[in-house]
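# got a predicted structure here, sequence first:
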Amino acid sequence: MRVSRPRFVDDALFYHDEWRTGRYGQFQLNSAFQPIYCVSDLNGPPCGHEGLVRILTQGGVLSPLDFFAIVPPEDRFFIEWMCRAIHISNFHMVKQPGQLLFVNLDPATYVDVKQAEYEVGFMVERMRELGVNPAEFVCEVIEEQTQDDQVFANVIDCFKSYGIKVAVDDFGVRFSDQKRVARLRPDVVKIDGAWFKKLLGTARGKQQLISTIHGFGDNDIRVIVEGVETQAQLDFVSEVGDCGVQGFLLGRPEGAICY
């Protein structure tokens, strides 16, 4: 699919009902935010929110998976930065003091360190203009493979140099494994929801989860368990340790449009 788009992300952004929105051809990209809680304070406000993209077309709503499947490789970097731009711009709609903003980062799109360094510097300037402290921003490295491990490690170092936190997302799936954790030295590891539920099904799996979570904690890596949908799942995480939790049991994504 070929789409005519501007060169710069800023030129593809507009406001819709007070929300910053992105335009890519016939597609409208919108922010939604899902809360993340600390098990030690489930009755208090969230400790953070994950920025998620919701896509509208002339025919209705398109799932993110279907959308990214048709974005050509040469536009993936542009779309990545558009998503980050709208989430940063819209974070004030849900943010409370001290809360973190988590936003996905696809390692497969990073092949040029100089370009990434420029984009990160520009992003930090915009964050400061919008009152978002870089220390409250977390880049979630999704489970895709890097095109060049060393290049991507350099990009991550660039994020960290501005005080931005790094998370390994979907741990337990594909390339989100112990090797990636060792290479990137993240501040946070997010346990994949499907992997979490699978391991909960056996005593051996539960012990693996406990060991994994404690192991990260011993190395000062914060753990967030995704996909928490039942009270039993929440109770298990609460008993293991002081983790973060995210899932429909605790709150669905809310934003410009939701589904």
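All right, it came through fine.
# give me the low-pLDDT residue ranges for the protein?
1, 256-259 (pLDDT under 70).
# now do the helices in it.
Taking DSSP state H to define them, one finds helices in the chain at 64-70, 73-90, 113-129, 149-161, 178-184, 193-200, 203-218, 231-240.
# mind checking those helices for the one nearest to Pro107?
Closest of the helices of the chain to Pro107 is helix 149-161, at 5.0 Å (criterion: CB to CB). Bear in mind the C-beta positions are built from the backbone N, C-alpha and C, glycine included.
# now render the helices of the chain as CSV, adding distance to Asn30 and mean neighbour count.
Below are the helices of the chain laid out as CSV (distance: least, CB to CB, whole Å; neighbours: other CB atoms under 10 Å):
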stretch, distance to Asn30, mean neighbour count
helix 64-70, 11, 12
helix 73-90, 7, 20
helix 113-129, 18, 15
helix 149-161, 25, 17
helix 178-184, 29, 15
helix 193-200, 23, 17
helix 203-218, 33, 14
helix 231-240, 29, 15
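# out of those helices, flag the one nearest Leu105.
helix 73-90 (7.1 Å).
# and the helices of the chain: which comes nearest Gln246?
Of these, nearest to Gln246 by CB to CB is helix 193-200, at 8.3 Å.
# if we can go back for a sec, would TSV of the helices of the chain with distance to Thr57 be doable?
Formatted as TSV, those follow (distance: least, CB to CB, whole Å):
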stretch	distance to Thr57
helix 64-70	9
helix 73-90	15
helix 113-129	27
helix 149-161	31
helix 178-184	34
helix 193-200	27
helix 203-218	39
helix 231-240	34
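# quick one: which of those is nearest Asp106?
Of all the helices of the chain, helix 73-90 comes closest under CB to CB, at 5.9 Å.
# what's the angle from that closest one to helix 113-129?
20 degrees (axes from the mean of the first three to the mean of the last three CA atoms, to 10 degrees).
# helix 73-90 - contacts with which helices or strands?
Where contact means 3 or more CB pairs under 8 Å, 6 or more residues apart in numbering; DSSP states H and E, helix 73-90 is packed against strand 13-16, strand 19-24, strand 27-38, strand 48-57, strand 100-105, helix 113-129.
# other residues contacting that helix?
3, 5, 9-10, 12-13, 19-22, 24, 29-31, 33, 51, 53, 68, 71, 101, 103-106, 108-110, 115, 119, 123, 126-127, 130, 132, 137, 255-256 (CB atoms under 8 Å, 6 or more residues apart in numbering).
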